[in-house]
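> Give the three-dimensional model of this entry:
(2 chains)
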Amino acid sequence: MTRAIRTGDYEWEIPTSFKPGMRVPGTVFADEDLIENASRDKALEQVANVAFLSGIVGRSLAMPDIHWGYGFPIGGVAAFDVAGGVVSPGGVGFDISCGVRLVKTALAAEEIRGDVRGLVAQLARDIPRGLGARGRINASEDVLRRVFKGGGPELARMGYGREEDAGRTERGGVYEGADPDKVSARAYERGLNQLGTLGSGNHFLEVQEVEKVFLPDAARAFGLREGQVTVMIHSGSRGTGHQICTDYLQVMDHAVSRLGWELPDRQLACAPLGSGEASDYLAAMACACNYAIGNRQALMHFTRLAFEHHFKAGPESLGMDLLFDVSHNVARFEEHEVDGARREVCVHRKGATASFPAGHPAVPEEYRDVGQPVLIPGDMGTHSYVLVGTGTAMDKSFGSTCHGAGRTMSRSKAKKTVDGRELKARLEREGIVVMGGKPNLLAEEAPEAYKDVTRVVDVCEGAGLSRKVAMLKPLGVVKG
Amino acid sequence: MEYHTIEHTADVGIEVSAASLEELFSGAAEGMLSIMLGGVEIAPTASTEVEIQAGDLAELMFKWLNELIFLVGARGLALGAVQVRSVTAGGDGRERGAAGDAAEEAGAAATADDAPGPGRSASSIAATVGGVPLDEVEGSLETEIKAATYHELSVERRDGAWRARVIFDV
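Numbers count the residues shown, from 1 in each chain, chains lettered A, B, ... in the order given. The predicted structure is shown next:
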């Protein structure tokens, strides 16, 4: 099989000769080590497979955190023309609108350094988390219908948060076009008890310190300063999103069969944009996006309450304002310049984050002079980052950048290589309090199982896809 | 019947081999549930019937395993007993799970790429699954499996046995 060809400092081409049937070439943003890592499993072949899909515009892309997924690679980005293109649930993922939210505080790390354990214990008690956990919100089917339509603002109206939170969320916290009637009874049932729950696996809630500011003007616009305490929440659409993806994969699989299409991977099942199947999926996907944003809104509300309870302080003095909320598993209609002309395309980001520049209409007004905040969670025990979007990302990657560190080791190998209890003790010695998560889960999520997130964000910066604004150091983390 | 897990960078998978389709589907369920529940032994106190139809055997496996994931996640059941009564392979009606060599001679191999053609009957499975409420299981769930995927999904008869490969999203 043909190898990737270096075409720039941080760009590698997957030529159409890599796999016959590719309609367009692929581009992977990476350095030598990251492309070598991607070459070891099926990740590059998955970049090639996405290029088989009808109506793909430009290239099949992958971010530096690329790794082997199912259908699309994790870190995959692909845009499809509204006329002749497709939408693919596998290009969004089972955890629809999995994403990250960053909450600022008025606290300095120095103030709380001796109290992190108590704070994390409070959060571990108050945040519903873990496998099979039930949420604190009594959600009936009627409530779910309202959340499917209303997203983050609906949770605020229900008493979980503040009205101004919506303005600091992608698309005002609501994906338009949601139709609760396109969500199956099973997806409703899976979502009833999980609204406002963290989940498990690589989801987390982390208390952090802004360790370093790289771009002072952007940091100032975002309200970040060195030494500040922040809280990062990583969670998604829970069982509702998983079920919606499962349901519509079957619908799309039948559509592919009916149309007589041959796909290199059945998980790339898709339907033509504008078809009934595609429209129904996008309407259901929007419901899942709104559920995920509502979920993170509720988790933020519980976090604010936990801080108020622990520090016996009111919201004014704690200053826990939302910085931003991003989704990294989603398909969205966006306008992009392609070959000198403006075109509407359906951009799939499967483990990739929007990275819009200053002046872009999708960036909230309060950040529009600077650009969109991009939130990159590190793996457990490592730094996370706040980045800002760039114009180069619009040229090269449909306004996209990475979403995290990306795995480099299988879960089974991680469990054999790492002892979860020793890992927790090691992190404690490094000054990071870890609560929750069984030893096997901690082992699966060990830093050794992931790429170096700093390398990933540096490659994104080198490729011009985003710029580092601030680096966040973990103080304490709650796992499910 | 035997199963083992497959290495996958982000997720997890299983490969199963069995003498019959019933054992294959039962084994796939057992393999997946052992990943979800950590191999904990469960003495069922409640059971439910599962009957599913699909196009080809691969789709049937997809729907079967995702149904079990739904029962665990939405109904809060730790499933510990899976009794597959019958599996029928979609085709001309002569292919039966228990037919063994006869099925192989009839060209019973069905991979994820087979689409049901006109005049073909649906594949189906009938099973009874039993379990206990999740909160009665010590340690509850070990691993959250979001779904069984179509990626590299295959159900085929090869080298004298039925074989399946499934990758899960965790």
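
> Give me the phi and psi angles of B:S86.
phi -160, psi 150 (degrees, to the nearest 10).

> Name the nearest residue to it, sequence neighbours excluded.
Of all residues not flanking B:S86 in the chain, B:A126 sits nearest, at 5.0 Å (C-beta to C-beta, 6 or more residues apart in numbering or on different chains). For the C-beta atoms, the positions are set from N, CA and C on the backbone; glycine is no exception.

> would you list every one of the strands in chain B?
With DSSP state E, the ranges of strands along chain B come out as B:2-6, B:12-18, B:46-54, B:77-88, B:110-111, B:123-133, B:147-148, B:154-158, B:161-169.

> Among the ones you listed, show the one with the smallest mean pLDDT.
Taking the mean pLDDT of each of these, the lowest value is held by strand B:110-111, a mean of 32.

> Turn the strands of chain B into TSV, columns for mean neighbour count.
As requested, the strands of chain B are arranged in TSV below (neighbours: other C-beta atoms under 10 Å in any protein chain shown):
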stretch	mean neighbour count
strand B:2-6	14
strand B:12-18	21
strand B:46-54	15
strand B:77-88	20
strand B:110-111	20
strand B:123-133	20
strand B:147-148	24
strand B:154-158	20
strand B:161-169	23
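
> Dump those to CSV, plus distance to A:K468.
Written out in CSV, the entries for those read as follows (distance: least, C-beta to C-beta, whole Å):
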stretch, distance to A:K468
strand B:2-6, 37
strand B:12-18, 33
strand B:46-54, 49
strand B:77-88, 45
strand B:110-111, 46
strand B:123-133, 48
strand B:147-148, 35
strand B:154-158, 44
strand B:161-169, 30
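
> Name the residues of stretch B:16-30 that come out as buried.
Of the residues in stretch B:16-30, those buried under the neighbour-count criterion (16 or more other C-beta atoms under 10 Å in any protein chain shown) are B:16-18, B:20-30.

> Over to stretch A:96-111?
Within stretch A:96-111, the residues that qualify as buried by neighbour count (16+ other C-beta under 10 Å) are A:96-105, A:107, A:109.

> for stretch A:413-428, same thing?
Taking 16+ other C-beta under 10 Å as the neighbour-count basis, stretch A:413-428 is seen to contain the buried residues A:413-415, A:418-420, A:423-424, A:426-427.

> picking up where we left off before, which ones among the buried residues of stretch B:16-30 lie within helices?
B:21-30 (DSSP state H).

> How many residues are close by residue 143?
Unless you meant another one, I'm taking chain A. In terms of burial, A:V143 registers 18 neighbours under the definition other C-beta atoms under 10 Å in any protein chain shown.

> I was after chain B.
Counted by other C-beta under 10 Å, the residues lying close to B:T143 total 21.

> now, the most widely separated pair of the buried residues of stretch A:96-111?
Between any two of the buried residues of stretch A:96-111, the greatest separation by C-beta to C-beta is 34.3 Å, found for A:I96 and A:A109.

> could you dump the buried residues of stretch A:96-111 to JSON lines with secondary structure?
As requested, these are exported to JSON lines (DSSP: H, G, I helix; E, B strand; the rest coil):
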{"residue": "A:I96", "secondary structure": "coil"}
{"residue": "A:S97", "secondary structure": "coil"}
{"residue": "A:C98", "secondary structure": "coil"}
{"residue": "A:G99", "secondary structure": "strand"}
{"residue": "A:V100", "secondary structure": "strand"}
{"residue": "A:R101", "secondary structure": "strand"}
{"residue": "A:L102", "secondary structure": "strand"}
{"residue": "A:V103", "secondary structure": "strand"}
{"residue": "A:K104", "secondary structure": "strand"}
{"residue": "A:T105", "secondary structure": "strand"}
{"residue": "A:L107", "secondary structure": "strand"}
{"residue": "A:A109", "secondary structure": "helix"}
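
> can you list those residues in CSV and add distance to A:L198 and pLDDT?
As requested, these are arranged in CSV below (distance: C-beta to C-beta, whole Å; pLDDT from 0 to 100):
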residue, distance to A:L198, pLDDT
A:I96, 17, 98
A:S97, 15, 98
A:C98, 12, 98
A:G99, 13, 98
A:V100, 13, 98
A:R101, 12, 98
A:L102, 15, 98
A:V103, 14, 98
A:K104, 20, 98
A:T105, 19, 98
A:L107, 22, 98
A:A109, 23, 98
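
> and the nearest residue to A:P373 once chain neighbours are set aside, what does it touch?
Sequence neighbours aside, A:F324 is the residue nearest to A:P373 in space, at 4.1 Å (criterion: C-beta to C-beta, 6+ apart). With contacts defined as C-beta atoms under 8 Å, 6 or more residues apart in numbering or on different chains, A:F324 is in contact with A:101-102, A:168-170, A:222, A:364, A:367, A:372-373, A:375.

> quick revisit: closest to chain B out of the buried residues of stretch A:413-428?
For chain B, the closest of the buried residues of stretch A:413-428 turns out to be A:K413, at 6.8 Å, with distances computed as C-beta to the nearest C-beta.

> my guess is the closest one is in a strand, correct?
No: following the definition three-state DSSP, A:K413 is helix and is not counted among the residues of a strand.

> those helices in the stretch 251-400 of chain A, which residues are they?
In chain order, the stretch 251-400 of chain A shows helices spanning A:276-311, A:315-318, A:391-396, with DSSP state H, counting those that start in this stretch as the criterion.

> would you turn these into CSV with mean neighbour count?
Supplementary listing: the helices of the stretch 251-400 of chain A in CSV, determined by neighbours: other C-beta under 10 Å:
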stretch, mean neighbour count
helix A:276-311, 25
helix A:315-318, 13
helix A:391-396, 18
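
> Let me have those in CSV, extended by distance to B:A148 and mean pLDDT.
Formatted as CSV, the helices of the stretch 251-400 of chain A follow (distance: least, C-beta to C-beta, whole Å; pLDDT from 0 to 100):
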stretch, distance to B:A148, mean pLDDT
helix A:276-311, 18, 98
helix A:315-318, 44, 96
helix A:391-396, 35, 98
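
> Indicate which one of the ones you listed is closest to chain B.
With respect to chain B, and counting by C-beta to the nearest C-beta, the nearest of these is helix A:276-311 at 12.3 Å.

> Who are the contact partners of A:V231?
For A:V231, the residues meeting the contact criterion (C-beta under 8 Å, 6+ apart) are A:102-103, A:105, A:205-208, A:300, A:303, A:320.
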